[in-house]
Every structure is written in structure tokens, then in C-alpha cells.
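[1] no sequence on hand, only this structure:
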């Protein structure tokens, strides 16, 4: 009987540890619990590394708003760019970076909300270790949508300058 | 040796089944993987059952956009209401309903996007069995934000009229 109890205890412990390991893996790869389809690969002229895009709301004259999801694989990031009417980012999974020109690089993570002011040059992307899932909202599209500029260098990405 | 192999196989099978059961529970309760804090309980004059609200972006004259998250517990729903400039819903977890006045009730679930047109009376909420996590976006707030009306009756909620 004692042997049986020990075995049951060992099984239960193994189950708990095993599930925690699985959950940890799922929490950090940024893909397993994805809300939206992975979508289309973003064009190399606007992104470094692999950034996957799913359109959620197309532009029209009723809502004047574009919504979409981007999944940045670890190390991937956008070019520097700006939005004439600004942009709102909602981070739904993973860990990444957001930086405005002339400001410190900020770490962003699941649950964070970032407001990119109109006409402020900035970039965003994943950290080297973890992917990043983000919903973006571009409001007031009658003022313009996006202006793409140069890639984020490795020095900029790694916060070495 | 054969006994050892059988035990290892049994352990592995148990681990897999146990984790799947845990994952299934987490996928359907709508709370375990929540992206945002649960927030504040929505007022009883606007909601039936428990709906929890977290503000994400407050209104201002730069973005003219309000963003927030609502977690509807199973069975909870909003009153009938309308938005002078419309609303966009992004369902991030769970299963629920969306209905516009005079139209059939729609089932909505994780990954769905709903556009509620300007000045169209509607309600949204969780199904009886599963909670619902939704991000809402109210654009063009200079035109107005929300006008609340009467509760959704049990007959309306259960699609019996």
C-alpha cells in the first residue's frame, strides 16, 4: 500500500512538472496560443527578419481606422517609420522593443499598450529571445497611414548607440 | 526491463492526457490566459451578469479613439446600446454572441472581428457555457461615444424571439 501511494505521488508530481514545462514553452514562443492566423510574410523592404501580418479591419470612410496583427519572430523588427495620425499598439503575447527616434529603447510585453504620436519616427519588433504578437490600430486614416524609412541597424536594435 | 518500459509508456501517456485536460480547461474558462488585468466590474445598469472592464486608451483629441477590454463571465451581456461613430470588437478568447436589432444573433469566438456600424442598436456578451474576452475600439469619438438602452431579456439572449 505504501508503495502504491508513493507511486501515485510520483505520478502526480511528474504530471505537474511536465505541464508547467509545457506551459512555460507555450508562454514564451508567442505562437502556440496565437489569436489570429499567422498571415502573410511582411515585405523585406519594410522589415528585418520575419514579421507575419494579418489584416483585421480594412480602411474605409465609416471607421477611418485600420486594424491588423503582426507576429514578429525572435529578432525581427520593422524599419523606422511614422504615421501621420499616430498608431496604437496592443501587445497580446511575447516580449519586444519599441523606440522613438532620439528616445531610449523600451521593452514591451504581453498586456502593454503603446501610443505612437503622429509624425514621430519609431520602430517596433521582437526581442532576440522571444517572439512578439501585437495588434496595431491606425486611427484617423483620412490624415494618412504610414511612411516607411530605413531599416533598424543591429547597433540600434541591440541598443549599442 | 519490459515492466520498466511499460511503466515509462504509461507515465508518458498520463502526462499527455493530463496536460491536454489542463489545456482544455484553460482554453474554455477565458480567464487563465487573460492578456489584461480583470479590471473593474461594469455597472448593473448597463450589464446583465458580471462584465469586467479594463481601460486601455483614454479619449483625447490626438487619436479620437477609445480602447478597452471587457471580460464577460459566462451568461453575462451588455444592454442594448449604440455608438454614434460605430465600434470595432476583437475577440481574443472564449465564445459569445453579437446581435444587431432586427438581425439574427451571431456566435462570436476567439479570433473574430466585428464591426458595429454607427447608430445601429446592438448587444454583445458571453455564451452560457464560456466566458468572452473582447477588445473594443471606438473610433472618431468627436462624433460621440455610446448611448445605453434597455437590458437584453433572457428571451432575447436565448434567441427565443
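    Yep, that arrived. Source: prediction; values computed, not measured.
[2] quick one: contacts of stretch A:137-154?
    Contacts with stretch A:137-154, where a contact means CB atoms under 8 Å, 6 or more residues apart in numbering or on different chains, come from A:45-46, A:48, A:59, A:61, A:64-67, A:77-90, A:118, A:121, A:123, A:125, B:63-65, B:67, B:137, B:139-140. (C-beta placed from N, C-alpha, C; glycine too.)
[3] show the average pLDDT along that stretch.
    Averaged over stretch A:137-154, pLDDT sits at 98.
[4] in its sheet, what does the host helix or strand of residue A:133 sit against?
    Residue A:133 belongs to strand A:132-138 when elements are defined using DSSP states H and E. Looking at strand A:132-138 with DSSP bridges, its partner strands are strand A:66-72 (antiparallel), strand A:87-100 (antiparallel).
[5] worst-scoring helix or strand of chain A, pLDDT-wise?
    helix A:2-29 (a mean of 49; mean pLDDT, DSSP states H and E).
[6] what helices or strands is the next helix-or-strand element following it leaning on?
    For helix A:2-29, the following helix or strand on the C-terminal side (DSSP H and E) is strand A:40-41. Contact analysis of strand A:40-41 by 3 or more CB pairs under 8 Å, 6 or more residues apart in numbering or on different chains; DSSP states H and E lists strand A:51-57 as its packing neighbours.
[7] got the angle for the strand it packs on vs strand A:132-138?
    On the basis of axes from the mean of the first three to the mean of the last three CA atoms, to 10 degrees, strand A:51-57 is oriented at 40 degrees to strand A:132-138.
[8] what pairs with strand A:51-57, parallel or antiparallel?
    Strand A:51-57 sits in its sheet next to strand A:40-41 (antiparallel), strand A:66-72 (antiparallel), going by DSSP bridges.
[9] contacting residues around the longest one?
    In other words, strand A:66-72. Taking CB under 8 Å, 6+ apart as the rule, strand A:66-72 contacts A:30-31, A:34-36, A:38-39, A:42, A:49-59, A:92, A:94, A:96, A:124-126, A:131-138, A:141, A:145, B:88, B:90, B:113, B:137.
[10] next secondary structure after it?
    strand A:77-78.
[11] same check on the shortest one?
    Secondary structure here is assigned by DSSP H and E; on that basis, the next helix or strand after strand A:40-41 toward the C-terminus is strand A:47-48.
[12] what is the neighbour count of residue A:40?
    11 (other CB atoms under 10 Å in any protein chain shown).
[13] now do the contacts for it.
    Contacts of residue A:40 (CB under 8 Å, 6+ apart): A:52-54.
[14] 10 Å - rerun?
    Residues near residue A:40 by CB atoms under 10 Å, 6 or more residues apart in numbering or on different chains: A:51-55.
[15] give me the buried subset of the residues you listed.
    Applying 16 or more other CB atoms under 10 Å in any protein chain shown to those, the neighbour count classes A:51-54 as buried.
[16] which of these sits closest to residue A:158?
    Distance to residue A:158, by CB to CB, is smallest for residue A:51 among the buried ones among the contacts of residue A:40, at 18.0 Å.
[17] and the closest one, how far is that from residue A:38?
    11 Å (CB to CB, to the nearest Å).
[18] same thing with residue A:112?
    Distance from residue A:112 to residue A:38, by CB to CB: 22 Å.
[19] neighbour count: these two, which is higher?
    Set residue A:112 next to residue A:38 and count neighbours by other CB under 10 Å: residue A:112 wins out with 19 against 13.
[20] report the separation between that one and residue A:64.
    25 Å.
[21] out of the buried ones among the contacts of residue A:40, who's nearest chain B?
    residue A:54 (9.4 Å; CB to the nearest CB).
[22] wouldn't that closest one be in contact with residue B:90 here?
    No - in this structure, residue A:54 is not within contact of residue B:90 by CB atoms under 10 Å, at 11.5 Å.
[23] so how many other residues sit close to the closest residue in space to residue A:63 that isn't next to it in sequence?
    Among residues not flanking residue A:63 along the chain, residue B:139 sits closest, at 5.1 Å (CB to CB, 6 or more residues apart in numbering or on different chains). By the criterion of other CB under 10 Å, residue B:139 has 27 neighbours.
[24] ramachandran angles for residue B:139?
    Backbone dihedrals for residue B:139, given as degrees, to the nearest 10, come out at phi -90, psi 170.
[25] then residue A:154?
    phi -60, psi -40.
[26] over to residue A:39?
    Torsion angles at residue A:39 (phi, psi; degrees, to the nearest 10) stand at phi 80, psi -150.
[27] quick one: contacts for it?
    Residue A:39 neighbours (CB under 10 Å, 6+ apart): A:51-56, A:68-71.
[28] many thanks, I have nothing further to ask.
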